[in-house]
Structure formats: structure tokens, C-alpha cells
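Asker: return a 3D structure for these sequence lines:
(2 chains)
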Amino acid sequence: MLSPVILLPAVLNGLMTGAIYALVALGLTLIYGVLHIINFAHGALLTAAMFAVFFAYRLFGLDPYVAAIFLTPLFFMLGYGLQRFIIGPAAHGEDRNMLLVTLGLAVVIENSLLYVFRADTRTINLPYAFDVVEVGPAFLAVPRVIAFIVVFAVALSLGLIMRWTDTGKAIRAVAKEKLGAELAGIDVAHIYAITFGLGTACLAIAACLLIPTYYISPHAGNAFVLIAFTIVVLGGMGSVAGALIGGLFVGVVESLSGYYLGESLGQISIFVMFILVLLVRPSGLFGERA
Amino acid sequence: MKGLASILVAVTLLGTVPLITSSNVVLNFLVVVFLIALVGQGWNLLGGYGGQYSFGHAAFFGTGAYVTAILQVRYGINAWLGFCIGIAAGALIGTVIGALSFRSRLKGSYFALVTLAFAEVLRIMASVAPITGAGVGTLIKLDLRPEAFQFQSRAPFYWIVLGLVGVSLMLIRVIEDSRFGAYLVAVRENEDAAQALGVNTTIVKLGAMTISAAITAAGGCFYAQYFLFVDAAIAYGPWISIEALLAPIIGGIGTVFGPLLGALVVKTLGEFAKLATGDAPGLDLVIYGCVLVLVVAVAPRGVAGILSDLRHRLLPPKTAVPTSLERGSG
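Answerer: Numbering: from 1, shown residues only, chains lettered A, B, ... in the order given. Got it, this is the predicted structure:
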């Protein structure tokens, strides 16, 4: 059962899927790290991004990878606006309210999409969607390999932004000590919105990477978001490296358990892992504290 | 306690509705409103009074619904007994989830997440396990006898669910004035301070979660008897978790009548959405989501808050009694 001919492709495919999970989780962890709330609208925003990619292709003939150039800044602005003009003012500075507002937004976005586009699943056919590269005994789909590489590039650039730019420094300052940052003249509401924008921009990239091999439906994002929650908790809320490693790990676990336990039970393994991590070590494997 | 009298009056007045009209549309609408009010009252105890926001009350609703249905269909157990066992099973699930999460000191975002995850695990398990009928769901056989908790007309269902709502209202009112209720509010306002003053916060939260789960499970049990069908998406789906928190938040979070008022508002809006657009999927939820955001943004105390503001504006109190004292004088 554990022959490498079966195991290796399963692990490699798991890593590829895991990279996308990691990117979704990266957006979530970034927002959590700074705003200290879980963005329950994350899944719905991912779905919205997937629809945007779909229509960019259908209406303008834009290849998903080209669309990323336009959609990433667009979704950054969307995220910025949501936090600055809706979530922030509506929450009155209470974390509990922020949870409710993001939940409300999720319900609104997801069901508007359901209302407009119905529950149909859509796909787009790209000439390269079924190209494969051979790695040992494994065949890997080219779009998934591209996704894997892009995710690391995004994580790296995000790390560089956080480390070296003034905005990055301001974000880290707000994450560490909100009041102190405010006293030092940092516009906290602006930084919150920037962070929310960056997290949402990650989703636009994730959607562009997903579409060549995935389907689009009004509930498509949900499949990813609970997994992203798992990863974020596993990797430690707010930790970028944790999100990356956690994402890859969860991808592999899902791929292997899907292989040995079957599809729906494979899904459960993720939730069980999630609940176990939450209960046993809520600070995650890389987090500092709960 | 003056609160109990007003609950009795309200329930008695509502109880006369089936005597005035036999319209199935009206009764059906109100039955659903009361069902959501019941489910929401469960959430309200834990979320409104205890400050622990659960995003997974479907776990309790679904357990109640499935246990009631499965006991009858597979084991031939009497429906009324099944109903009681369903409530107990929901309470048990609440205790287990609560014990696990509060022992790990999960709160805020983490608590919302872990409750959501438990509901999802139950949903996936129910959609594959043979005992729940897997993807097909469980259908309760039509058997229109009162002994089987099924009735020819809607009126008995109406009185039963209204009775359940009445009991839950009184329970919450009694808890409000009890020591336990005070501890619970203390946990909501400042958990560390409550603990420092000697309140065993874990036990208090666990108690609230158990009662909360039992109330919500009662809603699930009633759902199974009323609609005679349960499947994984209905029982453990996110819709019920959302309605459970929507009703108290819109009606007035942490107030006795909040969930009932909220359910009335939410379901009325839902009916208008249906009238406006036919039966298009999704639109009612879009409206609910907008209302949720709006209420949090502009009227954090919900409909109950708006009503009490209005009352104070129209009928200014004769003596300057602070409102907080007014409520505690039972």
C-alpha cells in the first residue's frame, strides 16, 4: 500500500494543492495578524474573485494569468474599501461586531452570486489545462506547477514588503501595538484597510491560479476557506511562514487521506485535524501565544 | 417578577391566533417564526448574555432533528419520547463541545471557528453515515395521530411551538434574575475580572452552553416533527447557524424578547423578498446579510433597543430612575 509509485504522486499533488491553500491562508493570516479577527468573508471573496476571473475570460478573452495583473490591484481596492467604509465603521471598535459584520458580508456576497448566477457550475477550457510534466513516476498538471511557483513568489514579495517598506513597517507596528502606533502618528484605520486589501489581493491571485483546473460555483470558495482556517490555526495565527508550511502540510494530508479513506472521509480528516489543533494547541505550531 | 407576567400575556394573546384565523398561510408563517425564535433564544443565552458567539448552533439543531427522526424511523420509539431524547442529545453535544473548547480557553474568533468546524464535521458525517439515510435523508412516516406527535390541522403544532417559546422566554427571564445569570453577564463584560472575583467562569460558560444547546435542539426536534423530513443540509447546514444568531441580534441581543422580535422581523423580510422576486434562491439571505450588517452598524441594541428608545421619547419617565435598575427590580 505504501509503494512509492503511488505515494510520490499523491504527495506531489498534495503539495501543489497545498500551495493554493497556503495562498488563501496567507491572506487570512495577514488580516488576523493585524486586525485580530477572523475574516469570515474570506471564502465569499475568493468566490467573487473566481467569478471575476471567469468573466474576464468570457467577456474580454483574458487568460487567467494575464487577468491576475488587473484583478490583483482591483481586489486590493475592493478589500481596502470594504474594511475602510463598511467593516471598520460598522464594528465600533468591537471585535465581536467585526466577526458579525464579516459573516454578514459573506452571506451577502455568496448569496448575491447565487441569486445572479444560480447554482450552476462553470468551467473555462484553456488549451494548456491538461498539459503535464513528468517528475519521476508522477505526472503533474502544468497549471498546478505554475501555481506552486507563483505562490512562493507572492509569499516572498509579501515578506519583502513587510520587512522593508514603510507601509510594511507600519503594518507590523499596528499588529504589535495598536495604541503605540497610533501615538507615533500611524493612521490605524488606513493600515487596517491596507492589510485587508493585501489579504483580498491574495485571493485574486489564488483565483487566477485555480481557475485553469478548477470549477466556479457560488459555493466554490467555501471548500477552501475552512481549509484555510485550519492552516492558519495550524501555522499559528498571523504567521506567514506558518501559513506556507501549514498549507503544504494540509495539502499532503488531504491528498493522502483522500487516497486511503475516500473523498468524503478525506474531507473529515481535515476538520478533525483542525479541531484537534484548536483544542490542543490553539496557538498553532509556529504561533507565539493563543 | 413582573417580566413573567408580560411573557404570559404575550403568549396568551398569540395563543388566540388559531381561534381567529384558520388560514394555513398565517399559521405556517407564525410556526416558522416561533421555530426560529426558539432556536435564536438558545443562541441568545450563550451569545447575548454570555458573550460567546457561536457560529455553529446547527450542531445542536441538527442533533435534535436527527435523533427525533432516527429514533422513530429506525427504532420505533414513540415520537414524544423521541422528542425529549432529542433535546437531551442536543444538550449533551453542547456539553461536549463546550467542555472541549472552554477547557482549551477558546474565545472570540477561536470559539466561533471551533463551533463552526464542529457543525461542519457533523454535517459531513451525516451526509455519509448510513444511519442518517446519508445523502437521501430521513423521512418520518405520515401517521396523523396525536400519540405520534402528528396532527390533522396546524393549530396543535402552533400551540406546541408557542408553548416551547413561552417556556424558553420564562427560562431566560428567570436566569436573568438568578445568580447564574449575573455570573454569565459578568463573564461577557470582563471574564478576567469575573474570575478574579471567584466566579468559576468555565462552569458558568459550560452551563450556559448546555442550556443553550438544549433550547436550540428543541427547535430541531420540532422541525423534524413538523416537516417530517431531515437531511444533512437542513439539519447541520450553515443556514440554521446564521438564523440562530440573526434573530437575537436583530431583535435585541441579550434581551428576553429579542429573539422573538428578531424572528418576526427576519421572516417578514424573507416573505417580502419572496413576494418581490418569486422563489429565487439566495435573495432572502442577501437581505438577511444586509440587515445584519446594518443592525450591527446603526442599531447595536436591535429592535428592542429602538422600541425602548421610542418609548422613552414618547413617554418620558416621571421619576429619573436609571433604566438598568428598572430591569433588575423583579
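
Asker: show me what contacts residue B:147?
Answerer: B:78-80 (Cβ atoms under 8 Å, 6 or more residues apart in numbering or on different chains). Backbone N, C-alpha and C define where each C-beta goes, glycine included.

Asker: now, of these, which are buried?
Answerer: Buried residues within the contacts of residue B:147, defined by neighbour count using 16 or more other Cβ atoms under 10 Å in any protein chain shown: residue B:79.

Asker: show me which of the contacts of residue B:147 neighbour chain A.
Answerer: Among those, no residue is within reach of chain A (Cβ under 8 Å from any Cβ of the partner chain).

Asker: so for the closest residue to residue A:21 other than its chain neighbours, what's the pLDDT?
Answerer: The shortest distance from residue A:21 to any non-neighbouring residue, by Cβ to Cβ, 6 or more residues apart in numbering or on different chains, is to residue A:247 (4.3 Å). For residue A:247, the model assigns a pLDDT of 90.

Asker: kindly report the same for residue B:279.
Answerer: At residue B:279, pLDDT is 69.

Asker: again with residue B:40
Answerer: Residue B:40 is given a pLDDT of 96.

Asker: give me the neighbour count for it.
Answerer: If you count neighbours by other Cβ atoms under 10 Å in any protein chain shown, residue B:40 ends up with 32.

Asker: that one reaches residue B:240, doesn't it?
Answerer: No: contact between residue B:40 and residue B:240 fails when scored by Cβ atoms under 8 Å: they sit 10.2 Å apart.

Asker: quick one: the residue nearest to residue A:21 is in a helix?
Answerer: Yes: according to DSSP: H, G, I helix; E, B strand; the rest coil, residue A:247 belongs to a helix.

Asker: in contact with it, which residues?
Answerer: Residue A:247 neighbours (Cβ under 8 Å, 6+ apart): A:18-26, A:231, A:235.

Asker: same check, this time on residue A:255
Answerer: Contact analysis of residue A:255 by Cβ under 8 Å, 6+ apart lists A:10-11, A:13-14, A:17.

Asker: so can I have a markdown table of those showing distance to chain B and secondary structure?
Answerer: Below are those laid out as a markdown table (distance: Cβ to the nearest Cβ, whole Å; DSSP: H, G, I helix; E, B strand; the rest coil):
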| residue | distance to chain B | secondary structure |
| --- | --- | --- |
| A:10 | 21 | helix |
| A:11 | 24 | helix |
| A:13 | 22 | helix |
| A:14 | 20 | helix |
| A:17 | 19 | helix |
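
Asker: buried members of the residues you listed into ChimeraX, please.
Answerer: To isolate the buried ones among the contacts of residue A:255 in ChimeraX, judged by 16+ other Cβ under 10 Å, type:
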select /A:10,11,13,14,17
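
Asker: contacting residues around residue B:59?
Answerer: B:93-94, B:97, B:115, B:118-119, B:122, B:213, B:236.

Asker: neighbour count and distance to chain A added to the residues you listed, as JSON lines?
Answerer: Formatted as JSON lines, those follow (neighbours: other Cβ atoms under 10 Å in any protein chain shown; distance: Cβ to the nearest Cβ, whole Å):
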{"residue": "B:93", "neighbour count": "23", "distance to chain A": "13"}
{"residue": "B:94", "neighbour count": "29", "distance to chain A": "15"}
{"residue": "B:97", "neighbour count": "25", "distance to chain A": "9"}
{"residue": "B:115", "neighbour count": "27", "distance to chain A": "10"}
{"residue": "B:118", "neighbour count": "25", "distance to chain A": "7"}
{"residue": "B:119", "neighbour count": "28", "distance to chain A": "10"}
{"residue": "B:122", "neighbour count": "24", "distance to chain A": "10"}
{"residue": "B:213", "neighbour count": "32", "distance to chain A": "17"}
{"residue": "B:236", "neighbour count": "32", "distance to chain A": "12"}
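
Asker: now flag whichever of those is closest to residue A:192.
Answerer: Of all these, residue A:192 sits closest to residue B:115, with 25.8 Å by Cβ to Cβ.

Asker: in what helix or strand does that closest one lie?
Answerer: Secondary structure from DSSP states H and E places residue B:115 in helix B:109-128.

Asker: helices or strands next to the longest helix seen in chain B in the packing?
Answerer: Longest helix in chain B by number of residues (criterion: DSSP state H): helix B:201-227. On a contact count with 3 or more Cβ pairs under 8 Å, 6 or more residues apart in numbering or on different chains; DSSP states H and E, helix B:201-227 meets helix B:24-43, helix B:58-75, helix B:79-103, helix B:155-177, helix B:179-189, helix B:191-196.

Asker: any idea how far it is from the chain center?
Answerer: Offset of helix B:201-227 from its chain centre (Cα atoms, centre = their mean, to the nearest Å): 8 Å.

Asker: burial count for residue B:35?
Answerer: 26.

Asker: before we move on, back to that, quick one: the longest helix of chain B to helix B:58-75, angle?
Answerer: Per axes from the mean of the first three to the mean of the last three Cα atoms, to 10 degrees, the angle that helix B:201-227 makes with helix B:58-75 is 50 degrees.

Asker: between helix B:201-227 and helix B:155-177, how big is the angle?
Answerer: 170 degrees.

Asker: now do the buried residues in helix B:201-227.
Answerer: B:201, B:204-226.

Asker: again with stretch A:241-261
Answerer: Across stretch A:241-261, burial judged by 16+ other Cβ under 10 Å covers A:242-259.

Asker: return the subset of the residues you listed lying in helices.
Answerer: Filtering the buried residues of stretch A:241-261 for helices - DSSP H - leaves A:242-259.

Asker: so who does residue B:98 touch?
Answerer: Contacts of residue B:98 by Cβ under 8 Å, 6+ apart are B:205-206, B:209-210, B:213.

Asker: so how far is residue B:293 from the residue nearest to the spatial centre of chain B?
Answerer: Compute the mean C-alpha point of chain B, and by Cα atoms, centre = their mean the closest residue is residue B:39, 1.8 Å away. Per Cβ to Cβ, to the nearest Å, residue B:39 is found 21 Å from residue B:293.

Asker: so where is chain A shaky, pLDDT-wise?
Answerer: Chain A contains residues with pLDDT under 70 at A:1-2, A:263-267, A:282-290.

Asker: tell me where it has helices.
Answerer: A:4-35, A:42-60, A:64-81, A:88-91, A:95-117, A:142-164, A:166-176, A:178-183, A:188-210, A:220-235, A:240-261, A:263-280.

Asker: would a markdown table of the ones you listed with distance to residue B:50 be doable?
Answerer: Output for those, formatted as a markdown table (distance: least, Cβ to Cβ, whole Å):
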| stretch | distance to residue B:50 |
| --- | --- |
| helix A:4-35 | 23 |
| helix A:42-60 | 26 |
| helix A:64-81 | 32 |
| helix A:88-91 | 20 |
| helix A:95-117 | 12 |
| helix A:142-164 | 37 |
| helix A:166-176 | 29 |
| helix A:178-183 | 26 |
| helix A:188-210 | 28 |
| helix A:220-235 | 23 |
| helix A:240-261 | 31 |
| helix A:263-280 | 19 |
